[in-house]
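Trainee: Sequence and predicted structure, then a few things I'm wondering about:
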Amino acid sequence: DIQGVATYSCASDLAGGTGNLAANPQFVDAAGGDYRLLYGSPCIDAGTTNGVTPALTNDLAGASRPQDTYEGGAVPDMGAYERESYLSGPLACSFTNSPKVGLTSLNSAFTARIAGDPSATNVVHYWWDFGDGYTQDGPVMRQVSHTFAPGRYAVVLTVLNSLGGIASFTEEAAVRVVTSNAYVATGGSAAYPFASWATATTNLGAALEAAHIAAAEGAADVRVWVGDGTFALVGMPLEITRAIRVGSVNGPAATRVWRAAGLGRVFTLAHAGASVEGLTITGGDVAEVSGQSYGGGVYVGAGTLRDCVVRGNKVRATQDSVEARGGGVYIVEGLVENCSVVSNAQVNVHPYTAGVGGGVYMTGGRIRLSNISSNEINGWRCQQGGGLFLSGGTAECCRVVHNNAAGDAVHGDTGRPTGGGGIRMKGG
């Protein structure tokens, strides 16, 4: 997993955090090295001065900050450059719209924003392109509305002033309309929101993003269907934070989700209604440099993992005082049922690290009717529970065989024993 904290930052794939935005920062010309903000950038007025001592009064170019960019008072922008006041510069435009996401069908209302020197802001014509083949234009169309079918739409606003000046602004994902089902398969057209096998995506993360919108909009029985094949994961773990079911059509022998690059587990289940069913989950590699390293394949904070094969994942302890737990699965709450947790590992590569639960580590929840086999812990000290370690929770009707907890006789810490090649219980 990734260490460190980002706050009040913006990137298209940024994880959650205080003040963070998962969006395109919309620079003037990033390819050309111009990282000033376009009028309409989500970074405008989204920064903070909290904890900054002394307060920043100028940007990288020497311009004063903050500026009053949106007629609502001076608020700092994110980034190295402060966007100029809405009362200065050439004609510029952007827009706001609400709502931006919806289920099945969405009517969104748009309002144009105009900036620039007062002599340049007398707009005489507006053109709206809604990205779905429909347009509207006219002299009195600062405010418009439009109804969208399922899809993701780039909306373009172009304006003309009385001096003949033209400005344009594009928001790439101004509107997203989803359905209650998303599909993942090879051979689909990858047309958002992936609402059929014909329009399926190979990107499970993208399908989950659409499913989360559907769940947030109140859809019942939200599902992500996964077809036959191997689907690669690169980047952040697949986190399910709402009542969403992710499952294969033909079971784990036919469908594999594989971490192809980068560190991190494969799945995190973090909602009582979340479930992952019928997948082979492999390639997870959690290697934190401080704190703990938990759940190489799947972290079950809540919800259900069912009918899955969790194979070939690992957690690694890479620094002093790191404790690695659950090479295959780490369970806090929820249910793991009818799964095979096999050939996962916990690896200690530092003399003052500890590892427990090479296959499964439990602090709560329940695992039942499952096979836990051929998992191992390799390291220097305190290797406990090669197959299963319970500090809480319940294991019932499980087969635990051919697991191993191998300590180091030379460097081992006699005060923290190695033991329980199959099962180690500290509670439960």
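Mentor: That came through fine.
Trainee: Could you use CA atoms for every contact and neighbour count after this?
Mentor: Fine.
Trainee: what about the stretch 151-300 of the chain, any weak spots by pLDDT?
Mentor: Applying pLDDT under 70 to the stretch 151-300 of the chain flags the ranges 288-292.
Trainee: how about 80 then?
Mentor: 288-293 (pLDDT under 80).
Trainee: Next: the stretch 301-428 of the chain.
Mentor: Within the stretch 301-428 of the chain, the stretches with pLDDT under 80 are 317-324, 347-357, 378-385, 405-428.
Trainee: Let me see the backbone angles for the nearest residue to Met141 once chain neighbours are set aside.
Mentor: Leaving out its chain neighbours, the residue that sits closest to Met141 by Cα to Cα, 6 or more residues apart in numbering is Tyr126, at 5.9 Å. Phi and psi for Tyr126, reported as degrees, to the nearest 10, are phi -120, psi 140.
Trainee: Read off the pLDDT value for Tyr126.
Mentor: At Tyr126, the model reports a pLDDT of 98.
Trainee: Show me what it bridges to in the sheet.
Mentor: Gly138, Val159 (DSSP bridges).
Trainee: Pretty sure it sits against Leu160.
Mentor: Yes. Between Tyr126 and Leu160 there is a contact under Cα atoms under 8 Å: 6.7 Å.
Trainee: Now for these two: what residues contact both?
Mentor: Taking Cα atoms under 8 Å, 6 or more residues apart in numbering as the criterion, Tyr126 and Leu160 do not both touch any residue.
Trainee: Can you tell me the element Ile213 falls in?
Mentor: Of the helices and strands defined by DSSP states H and E, Ile213 is found in helix 204-216.
Trainee: Tell me the helices and strands packed up against whichever helix or strand comes after that helix.
Mentor: Downstream of helix 204-216, the first helix or strand assigned by DSSP H and E is strand 222-226. On a contact count with 3 or more Cα pairs under 8 Å, 6 or more residues apart in numbering; DSSP states H and E, strand 222-226 meets strand 181-184, helix 204-216, strand 244-248.
Trainee: In strand 222-226, which residues are buried?
Mentor: By 16 or more other Cα atoms under 10 Å, the buried positions in strand 222-226 come out as Val222, Arg223, Val224, Trp225, Val226.
Trainee: Equivalent analysis for stretch 189-202, please.
Mentor: Neighbour counts using 16+ other Cα under 10 Å place Ala190, Tyr192, Pro193, Phe194, Ala195, Ser196, Trp197, Ala198, Thr199, Ala200, Thr201, Thr202 of stretch 189-202 among the buried residues.
Trainee: Reformat those residues as TSV; add secondary structure and distance to Thr104.
Mentor: As requested, the buried residues of stretch 189-202 are exported to TSV (DSSP: H, G, I helix; E, B strand; the rest coil; distance: Cα to Cα, whole Å):
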residue	secondary structure	distance to Thr104
Ala190	coil	18
Tyr192	coil	12
Pro193	coil	10
Phe194	coil	13
Ala195	coil	10
Ser196	coil	13
Trp197	coil	17
Ala198	coil	18
Thr199	coil	16
Ala200	coil	17
Thr201	strand	19
Thr202	coil	22
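Trainee: Show me which of those is closest to Arg152.
Mentor: Lowest distance from Arg152 to the buried residues of stretch 189-202 (Cα to Cα) belongs to Tyr192, with 6.0 Å.
Trainee: That closest one reaches Asn203, doesn't it?
Mentor: No. Between Tyr192 and Asn203 there is no contact under Cα under 8 Å: 11.1 Å.
Trainee: Please enumerate the shared neighbours of these two.
Mentor: With Cα under 8 Å, 6+ apart, Tyr192 and Asn203 have no common neighbours.
Trainee: ok, back up a step: now do the contacts for the residue nearest to Met141.
Mentor: Asp137, Gly138, Pro139, Val140, Met141, Arg142, Leu157, Thr158, Val159, Leu160.
Trainee: now it: how far from Pro139?
Mentor: Distance, Tyr126 to Pro139, by Cα to Cα, to the nearest Å: 6 Å.
Trainee: need the contact list for Leu106.
Mentor: Neighbouring residues of Leu106 by Cα under 8 Å, 6+ apart: Pro99, Thr147, Phe148, Ala149, Val177.
Trainee: Now list the buried members of those residues.
Mentor: Phe148, Ala149, Val177.
Trainee: Which of the residues you listed fall within strands?
Mentor: Within the buried ones among the contacts of Leu106, residues falling in strands by DSSP state E are Phe148, Val177.
Trainee: Which member of the buried ones among the contacts of Leu106 is positioned nearest Ala253?
Mentor: Ala253 has its nearest neighbour among the buried ones among the contacts of Leu106 in Val177, at 33.2 Å by Cα to Cα.
Trainee: you'd agree Val156 is up against Ser168?
Mentor: Yes. Between Val156 and Ser168 there is a contact at 7.1 Å, judged by Cα under 8 Å.
Trainee: Now do the phi/psi pair for Ile281.
Mentor: Dihedral angles for Ile281 - degrees, to the nearest 10 - are phi -120, psi 120.
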